[in-house]
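# Here is the input, now give the coordinates:
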Amino acid sequence: MTVFQKLHQPTGRLVYNNGEEYLFFGGTAYLGLLDNPDYIQLYKKGIDIYGLNNGTSRSNNVQLGIYNEAEYRLATRFGFADAALLSSGYLAAQVAVKALSPGREVIYAPGAHPALWLDTALEDSRRFVEWRDETINYINQSVQKEFVIISNTLDNLTPGFYDFSPFATQCDPVKHLLFILDDSHGLGVVKRDAVSLDLGFAADLDNIDVVIVASLAKGMGTDAGVVMGPVDCVKQIKKHPIFRGASPPAPAAIYALINGDDLYHQAFDILHRNIEFFGLRVKASPRLSCINGFPVFTSNDPHLYRYLLHKHVLISSFPYPFSNSPLLNRIVISSLHKEEDLQYLAEMYFIKPE
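Sure thing, here's the model as predicted:
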């Protein structure tokens, strides 16, 4: 089996291994900013201004102004009252859960990302809808009044969107629900300058608050994490020792993030054209599952990875949901792909000859 674990290159449109060239349809750099020359130049400009990294914590008496500016810009961009930046999505999720869960009963949805775990999450094989409906019933019958509901915003593997709106319409309004939702794979990817989830279900409800955590390394091309939500929730997070003691993201990366809006919009438009182009060509194929606006096409054919590898196409492939489960094969479209790449992939396997 060809091994791709000691590469010394960007994982962009093409991957080279042992002198062989492969089209790469994997990873999570959906907008391709990691290999975008103009975005890289913005990062380099940020290095010229701020240096390679910031050697102080956010509680230090000497601070760089770019972090507060970026938090304001991110909150405004994605429609939240406030935001907190951390050095990774994992750290963002951890500080949100640890800062906001005390005094509340914590309920985990099936498949919640490990970054969201307080300790170790219990295995839950229920489908999301089954879990949701049973959880609503449990909350309504409970004597507890305060709950934290922790979940991903979407299933990025199989894939699928999650609908949280029944919590708003069916839960007893005397119960206060704080949602901590991980949108790492959806933020700025499914919708332009927006989270993937329709937050209208919680609008104007005094008993429901929503906090979004996300890795910015997926769609946004930045090695950092963000927490966005109500002002009081973000204040609690910024008082937590994890936020105060951890080193912040590289300031050059944040400089590129807040100054690269035009490049982001260009990449977003290309990504969605690519999703549509490929989706139209494989829509009749029973071999793939997908959801609108999301650049992942999943196959349960365990032989797909090896078949495409022989055609010099490299996709994501790993056992799911357990280490001894059958292989889950995922084709990931990015802004770096060209139409001829997508046409070639479609013709290799998914379009039956007439």
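
# would you list every one of the strands in this structure?
For the chain, applying DSSP state E gives strands covering 14-17, 20-25, 82-86, 105-108, 146-152, 154-155, 160-161, 176-182, 208-215, 225-229, 296-299, 313-319, 327-332.

# For the longest one, enumerate the helices and strands it packs against.
Strand 208-215 makes packing contacts with helix 89-100, strand 176-182, strand 225-229 when contacts are defined by 3 or more C-beta pairs under 8 Å, 6 or more residues apart in numbering; DSSP states H and E. The way it works is simple: take the backbone N, C-alpha and C, and place the C-beta from them, glycine included.

# quick one, that strand and strand 146-152 angle?
40 degrees (axes from the mean of the first three to the mean of the last three C-alpha atoms, to 10 degrees).

# partners of strand 208-215, with directions?
Next to strand 208-215 in the sheet, as set by DSSP bridges, lie strand 176-182 (parallel), strand 225-229 (antiparallel).

# Neighbours of G65, how many?
Around G65 there are 8 other residues, counting by other C-beta atoms under 10 Å.

# how close does it get to I254?
The span separating G65 from I254 equals 11 Å under the rule C-beta to C-beta, to the nearest Å.

# And for D209?
26 Å.

# ok, those two, which is more surrounded?
Comparing D209 with I254 by other C-beta under 10 Å, the one with more neighbours is I254, at 28 against 18.

# Can you give me every residue that contacts that one?
I254 makes contact with G46, I66, Y67, A70, L85, T222, A224, according to C-beta atoms under 8 Å, 6 or more residues apart in numbering.

# and which of those residues is nearest to L327?
Checking these against L327 with C-beta to C-beta, the nearest one is T222 at 30.6 Å.

# Show me which residues of stretch 62-71 are buried.
L64, I66, Y67, A70, E71 (16 or more other C-beta atoms under 10 Å).

# likewise stretch 20-27?
Buried, per 16+ other C-beta under 10 Å, within stretch 20-27: Y22, L23, F24, F25, G26, G27.

# State the distance from the nearest residue to the second one once chain neighbours are set aside to I107.
On the basis of C-beta to C-beta, 6 or more residues apart in numbering, the spatially nearest residue to L23 that is not a chain neighbour turns out to be V313, at 4.9 Å. Distance of V313 to I107, computed by C-beta to C-beta: 41 Å.

# Which single one of the contacts of I254 is nearest to L336?
T222 (16.9 Å).

# What degree of burial does that closest one show, as a neighbour count?
26.

# Any stretches of the stretch 1-150 of the chain with poor pLDDT?
The model of the stretch 1-150 of the chain has pLDDT under 70 over residues 1-2, 121.

# Where does the record place the domain boundaries for the protein?
Here the domain parsing of the chain from the TED database is 14-36+261-351, 54-249.

# where along the chain do the helices fall?
Using DSSP state H, the helices of the chain run over 37-50, 66-78, 89-100, 128-141, 165-170, 231-239, 241-245, 251-259, 261-282, 304-310, 339-345.

# Can you show me the CA trace of the fourth one as CSV?
To tie it back to what came earlier, the one meant is helix 128-141. In CSV, the C-alpha atoms belonging to helix 128-141 read as follows (Å, rounded to 0.1, in the frame of the first residue of the first chain):
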residue,chain,number,x,y,z
PHE,A,128,-29.2,12.4,15.9
VAL,A,129,-33.0,12.7,15.6
GLU,A,130,-33.6,9.9,18.1
TRP,A,131,-31.2,11.4,20.6
ARG,A,132,-32.7,14.9,20.1
ASP,A,133,-36.3,13.8,20.7
GLU,A,134,-35.3,11.7,23.7
THR,A,135,-33.3,14.5,25.1
ILE,A,136,-36.1,17.0,24.8
ASN,A,137,-38.4,14.6,26.7
TYR,A,138,-35.7,14.1,29.4
ILE,A,139,-35.2,17.9,29.9
ASN,A,140,-39.0,18.4,30.2
GLN,A,141,-39.3,15.8,32.9
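
# if we can go back for a sec, what sits against the residue nearest to L23?
Contact partners of V313, counting by C-beta under 8 Å, 6+ apart, are Y22, L23, F25, Y344, L345, M348.

# and N60, how many neighbours?
12.

# please begin residue numbering at 39 from this point
From this message on, residue numbering opens at 39, which makes the last subject N98.

# rewinding a little: may I see the helices and strands packed on strand 246-253 organised as JSON lines, with mean neighbour count added?
Output for those, formatted as JSON lines (neighbours: other C-beta atoms under 10 Å):
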{"stretch": "helix 127-138", "mean neighbour count": "23"}
{"stretch": "strand 214-220", "mean neighbour count": "23"}
{"stretch": "strand 263-267", "mean neighbour count": "27"}
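
# Throw those into a markdown table and include distance to F42, thanks.
Shown next, in a markdown table, are the helices and strands packed on strand 246-253 (distance: least, C-beta to C-beta, whole Å):
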| stretch | distance to F42 |
| --- | --- |
| helix 127-138 | 23 |
| strand 214-220 | 27 |
| strand 263-267 | 26 |
